[in-house]
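Engineer: Provided below are the primary sequence and the corresponding predicted coordinates.
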Amino acid sequence: MGIQKERTLLEDLIKKAGGCAVIDGGFATQLEKHGATINDPLWSALCLIKDPDLIKRVHLEYLEAGADILVTSSYQATLPGFLSRGLSAEEGELLLKKSVTLAVEAPSIGSYGAYLADGSEYSGCYGPDVNLEKLKDFHRRRLQVLVKAGPDLLAFETIPNKLEAQACVELLEEENINIPSWICFSSVDGENAPSGESFQQCLEAINKSDRVKAVGINCAPPHFIESLICKLKELTEKLIAVYPNSGEVWDGRAKRWLPSTCFDDDKFELFATRWHDLGASLIGGCCRTTPSTIQAISKVLKNPEQS
Ligand SMILES: C[S+](C)CC[C@H](N)C(=O)O
Ligand SMILES: N[C@@H](CCS)C(=O)O
Ligand SMILES: [Zn+2]
């Protein structure tokens, strides 16, 4: 299937959803709500080994809450991550495939920083040894396995710098991947990518690629979103996806969320309309948001007159 046809698939989904598709909420957050312990280098991907039924349950909960797009449990599922747990390459590949078959929508492709499991997806500091080729090598096999599992979309998430965005774009090209993709960045200052590079710099490679269908922001505080949508609108003609976290801040060392100014579900409900009006057509929640957040977003976006 050609790129053009695949592009229409995402647009069709948005159209069918009434002009804005709802992305699910904090996946790992909901696993924890059900008692899963994920304080681990594999983070939510630990459940692929320990409790796949719970993964299915969480996907269903988000579906019932009104999500049109389910982002899979593969954010921190990587082959080197599984190998370091004593699994074979084949077992690791089977688990990656399973992450997609448990949801079949948009596999999460967490950044290299997620794999490092030190919170560097929020700093973009990968050190001097990490170059474009290394990042492409890191992403390549996982991407091949996930694509083979037949997902509808590919969700590159929490990308913190220009180099990794470029690596993702080049990889989609080299592997001739025609499944529509989004590439979403985190932000810690509300203006730039976590590395400090501007979004103009980060979008350079993305804007040249037809394979990337949407760009956006995920796992950043919700109060950054309004101005970041405006900024992205100036920088790209691609669809805009936004799925912020609750506003809490990840402490990569302690592996826990630090309390901060948070958005509750009512605020998400209020702001989702505003984000849609400003031009976002894919809206949802990331870490620390829950099915009730998604229900609030879905309610207001799908039945605006009743809200
Ligand atoms: C989206 S973050 C909260 C995932 C966990 C992080 N990569 C870590 O392992 O510290
Ligand atoms: N989609 C991921 C988090 C990305 S920051 C998850 O919820 O597991
Ligand atoms: Zn997140």
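Structural biologist: It's in. Ligands and ions are numbered 1, 2, ... in the order given.

Engineer: rest of the way, CA atoms for contacts and neighbours
Structural biologist: Fine.

Engineer: can you tell me which residues contact the residue in the chain that ligand 2 sits nearest to?
Structural biologist: Of all residues in the chain, the one sitting closest to ligand 2 is residue 27 (3.5 Å; Cα to the nearest ligand atom). Residue 27 is in contact with 44, 58-59, 71, 73, 286-287, 290, counting by Cα atoms under 8 Å, 6 or more residues apart in numbering.

Engineer: quick one: pLDDT of the closest residue to ligand 3 within the stretch 101-250 of the chain?
Structural biologist: Minimum separation of the stretch 101-250 of the chain from ligand 3 (Cα to the ion) falls at residue 219, amounting to 4.1 Å. Listed pLDDT for residue 219 reads 98.

Engineer: tally of neighbours for it?
Structural biologist: Per other Cα atoms under 10 Å, the neighbour tally for residue 219 reads 30.

Engineer: secondary structure class of residue 171, three-state.
Structural biologist: Under DSSP: H, G, I helix; E, B strand; the rest coil, the three-state class of residue 171 is helix.

Engineer: what about it, how many neighbours?
Structural biologist: Residue 171: 20 neighbours (other Cα under 10 Å).

Engineer: please apply the same query to residue 155.
Structural biologist: Count around residue 155 with other Cα under 10 Å applied: 22.

Engineer: any residue of the host helix or strand of it up close to ligand 3?
Structural biologist: Applying DSSP states H and E as the criterion places residue 155 in strand 154-159. No: figure legend: strand 154-159 not in contact with ligand 3 (Cα under 5 Å from the ion); closest approach 7.2 Å.

Engineer: show me what that strand packs onto, helices and strands only.
Structural biologist: Contact here means 3 or more Cα pairs under 8 Å, 6 or more residues apart in numbering; DSSP states H and E; on that basis strand 154-159 packs against strand 108-110, strand 181-185, strand 212-218.

Engineer: these two touch, right, the residue of the stretch 101-250 of the chain closest to ligand 3 and residue 243?
Structural biologist: Yes: with contact defined as Cα atoms under 8 Å, residue 219 reaches residue 243; the gap is 6.6 Å.

Engineer: how about the residue in the stretch 151-300 of the chain that ligand 1 sits nearest to: what's its closest non-neighbour residue?
Structural biologist: Residue of the stretch 151-300 of the chain nearest ligand 1, by Cα to the nearest ligand atom: residue 252 (4.5 Å). Leaving aside its chain neighbours, residue 252 sits nearest to residue 119 (4.2 Å; criterion: Cα to Cα, 6 or more residues apart in numbering).

Engineer: repeat that for residue 75.
Structural biologist: Nearest in space to residue 75, with sequence neighbours left out and distances taken as Cα to Cα, 6+ apart, is residue 110 at 4.3 Å.

Engineer: number of nearby residues for that neighbour?
Structural biologist: 22.

Engineer: for residue 88, same thing?
Structural biologist: For residue 88, the tally of surrounding residues (other Cα under 10 Å) stands at 14.

Engineer: and it, its phi and psi?
Structural biologist: Dihedral pair for residue 88: phi -80, psi 170, per degrees, to the nearest 10.
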